[in-house]
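pasted the sequence and its predicted model underneath.
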Amino acid sequence: MLDREPTPLSRTRLFEALCAVVRRAERTETPCALFLVSVNTLGAINAYLGNEIGDELIGEAGRLIASTLGPSDMIGRYSSNLYAIVVDPCAEGAMRSVGEGLMQVVRNSAIPTSAGPLAASVSIGAVEVPRHARSGADALQNALLALELAKQQPAGAFVAYAPGMRADHAANREQVALTSVIGALEDKRVALVLQPIVAAASRKVALYEGLVRLVRPDGTMVTAAEFIEDAEKLGLARLIDRRALELGLGLLEQHPGLKLAINISSLTAGDADWTATLRKVTDSRRDIADRLTVEMTETAMIHDFDAAKAFFDLLREIGCKIAIDDFGAGYTSFRHLKSLNVDMLKIDGALVENLKDDSRGRALVKSMIEMAGALGLETVAEWVGDEEAAAFLEAAGVTYLQGYLFGEPVPAEELARAGVL
């Protein structure tokens, strides 16, 4: 039994542990369950008492939950307000009673904080393994879906994954995305969280990537992976990109030492309003353009190469740096890169995350770094999750490293309070 706050595991380590449990459960035919537990009511607490109190509440709630677990169970911090729990074993049919028990222990407790005891509740999504998940990825995906459905109910709901959920969810997904994104834009509930990109040689932060999040009314955040595809289909990507640019420019104005990279979709290339927003600030503040890097994915770029080139030329005229994101996921040749006159290649994380077990992957990544260097381009390796991969990439000559090994995405306010911006 754990009697302390759970260790904040990186997603990579948490995923590795989960995969091992899933494999063992399938081999031994012993059922277990993955629970994703989201601490609710943070929006009001952060607004009235401050983010520090919200952080205390999350930590104390996690400590309380951990104290109820058995000796073979695992718990880790999946994200800022989200805990992942593996109950092993978890008899078939017992999952709901475990989930409801976790909700009850939080609901019935006064959570101690430096502002005094506070009430809290949790929403929980869970999946039974191996019955409804044959891999760690399946388990996470299905539990996240169940959690998303739980959050659509009154605070304190528990939802167990069932096979029919995915089809039902897909049928309503676009309408939910439309409502959520438009509501977030209108209410200014779009935020940037910053993830460090470190110099490979020194491991010191060189710049940050600003990642878009939608903020739910309860204060919890939705990652771009959960809404951006639908937003693009619904024609909302330009609005999101414009709001992300406004937020990024605001951070660059506020923090003169900050260097920042932001992402745009292919639909934004050539968007006159996006460019006007950028010029409105950079025409009088060239230093801000110098500290801004604009990222576009390789797959987005190849859909309209000429439009991308024209857009990149404009960005260079303004003074921004240009990065190709997820390089290696598409089919761009190095000859095309030379004509695009970009500054940086961000190597697709899917090529990086399993380097220690993939000799061909190591050879491919090394050759990409070498060819980029020959063209005078800087390189960033994404999704770096372990020191072994980081050491290989540094030896291969990569310029920068990015991944949970070096820091999770966090709000700029937290970095400012820590004195690092």
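Good, I have the coordinates.

which element is the closest residue to residue 282 other than its chain neighbours on?
Sequence neighbours aside, residue 289 is the residue nearest to residue 282 in space, at 4.1 Å (criterion: C-beta to C-beta, 6 or more residues apart in numbering). Where you see a C-beta, it was placed from the backbone N, CA and C, and this is true even at glycine. Assigned by DSSP states H and E, residue 289 falls within helix 286-290.

list of residues touching that helix?
249, 252-253, 256, 278, 281-282, 318-320 (C-beta atoms under 8 Å, 6 or more residues apart in numbering).

still on that earlier bit, kindly provide the distance from the residue nearest to residue 282 to residue 249.
Residue 289 is 10 Å from residue 249, where distance means C-beta to C-beta, to the nearest Å.

any residues in contact with both of the two?
Overlap of the contact sets of residue 289 and residue 249 (by C-beta under 8 Å, 6+ apart) consists of residue 278.

quick revisit: just the buried ones from the contacts of helix 286-290, in ChimeraX syntax?
A single ChimeraX command is used to select the members of the contacts of helix 286-290 judged buried by 16 or more other C-beta atoms under 10 Å:
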select :249,252,278,281,282,318,319,320
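
would you list the contacts of helix 286-290 in JSON lines and tack on secondary structure, pLDDT and distance to residue 224?
Below are the contacts of helix 286-290 laid out as JSON lines (DSSP: H, G, I helix; E, B strand; the rest coil; pLDDT from 0 to 100; distance: C-beta to C-beta, whole Å):
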{"residue": "249", "secondary structure": "helix", "pLDDT": "97", "distance to residue 224": "19"}
{"residue": "252", "secondary structure": "helix", "pLDDT": "97", "distance to residue 224": "20"}
{"residue": "253", "secondary structure": "helix", "pLDDT": "96", "distance to residue 224": "23"}
{"residue": "256", "secondary structure": "coil", "pLDDT": "95", "distance to residue 224": "27"}
{"residue": "278", "secondary structure": "helix", "pLDDT": "96", "distance to residue 224": "20"}
{"residue": "281", "secondary structure": "helix", "pLDDT": "96", "distance to residue 224": "23"}
{"residue": "282", "secondary structure": "helix", "pLDDT": "95", "distance to residue 224": "24"}
{"residue": "318", "secondary structure": "helix", "pLDDT": "96", "distance to residue 224": "24"}
{"residue": "319", "secondary structure": "coil", "pLDDT": "96", "distance to residue 224": "26"}
{"residue": "320", "secondary structure": "coil", "pLDDT": "97", "distance to residue 224": "21"}
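
list just the nearest of the contacts of helix 286-290 to residue 198.
Set against residue 198, the nearest of these by C-beta to C-beta is residue 252 (19.4 Å).

run a quick neighbour tally on the nearest residue to that closest one once chain neighbours are set aside.
Distances taken as C-beta to C-beta, 6+ apart place residue 288 nearest to residue 252, at 4.7 Å, with adjacent residues excluded. Residue 288: 22 surrounding residues under other C-beta atoms under 10 Å.

what does residue 144 give?
For residue 144, the neighbour count with other C-beta under 10 Å is 19.

mind checking the SS state of residue 261?
Put simply, residue 261 is strand when judged by DSSP: H, G, I helix; E, B strand; the rest coil.

where does it land on pLDDT?
As predicted, residue 261 sits at a pLDDT of 98.

look up how far residue 346 lies from the closest residue to residue 355 other than its chain neighbours.
Once flanking residues are discounted, residue 355 sits nearest to residue 389: 4.5 Å by C-beta to C-beta, 6+ apart. Distance of residue 389 to residue 346, given as C-beta to C-beta: 15 Å.

next: residue 212.
16 Å.

next helix or strand past the helix or strand encompassing residue 54?
Per DSSP H and E, residue 54 falls inside helix 51-66. Counting by DSSP H and E, the element after helix 51-66 in chain order, helix or strand, is strand 74-79.

past that next one, which element shows up next along the chain?
Moving toward the C-terminus from strand 74-79, the next helix or strand (DSSP H and E) is strand 82-87.

and whichever helix or strand comes after that next one, C-alpha only, in CSV?
Going down the chain from strand 82-87, the next helix or strand is helix 95-107, by DSSP H and E. Extracted C-alpha coordinates of helix 95-107, given in CSV (Å, rounded to 0.1, in the frame of the first residue of the first chain):
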residue,chain,number,x,y,z
MET,A,95,-14.2,-2.5,-11.5
ARG,A,96,-17.3,-0.4,-10.9
SER,A,97,-17.2,-0.9,-7.1
VAL,A,98,-13.5,0.0,-7.1
GLY,A,99,-14.2,3.2,-9.1
GLU,A,100,-17.1,4.2,-7.0
GLY,A,101,-15.1,3.6,-3.9
LEU,A,102,-12.4,5.9,-5.1
MET,A,103,-14.9,8.6,-5.8
GLN,A,104,-16.5,8.2,-2.4
VAL,A,105,-13.2,8.5,-0.5
VAL,A,106,-12.4,11.8,-2.2
ARG,A,107,-16.0,13.1,-1.9
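
check which residues of helix 95-107 are buried.
Judged by neighbour count using 16+ other C-beta under 10 Å, the buried positions of helix 95-107 are 95, 98-99, 102-103, 106.

export those residues as CSV, with columns for distance to residue 244 and pLDDT.
Shown next, in CSV, are these (distance: C-beta to C-beta, whole Å; pLDDT from 0 to 100):
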residue, distance to residue 244, pLDDT
95, 38, 91
98, 39, 93
99, 35, 93
102, 35, 94
103, 35, 94
106, 34, 93
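
circling back: average pLDDT for the helix holding residue 289?
Computed over helix 286-290, the mean pLDDT rounds to 96.

so where's the stretch 201-350 of the chain shaky on pLDDT?
234, 299-304, 329-336 (pLDDT under 70).

helices of that one, start to end?
228-233, 237-254, 272-282, 286-290, 298-301, 305-318, 334-340, 349-352 (DSSP state H, counting those that start in this stretch).

pull the residues that contact stretch 227-245.
When contacts are defined by C-beta under 8 Å, 6+ apart, stretch 227-245 is touched by residues 173-174, 177-178, 180-182, 185, 190, 192, 210, 212, 214, 262-265, 267-268, 271, 273-274, 277-278.

centroid residue for the chain?
Nearest to the mean C-alpha position of the chain, counting by C-alpha atoms, centre = their mean, stands residue 223 at 5.6 Å.

so it sits against residue 213, correct?
Yes. Using C-beta atoms under 8 Å, residue 223 is in contact with residue 213, at 6.4 Å.

next, the buried residues of stretch 396-414.
Using 16+ other C-beta under 10 Å as the test for burial, stretch 396-414 gives 396, 398-409, 411-412, 414.

an error on my part: the question was meant for stretch 356-365.
Buried residues in stretch 356-365, counted by 16+ other C-beta under 10 Å: 361-362, 365.
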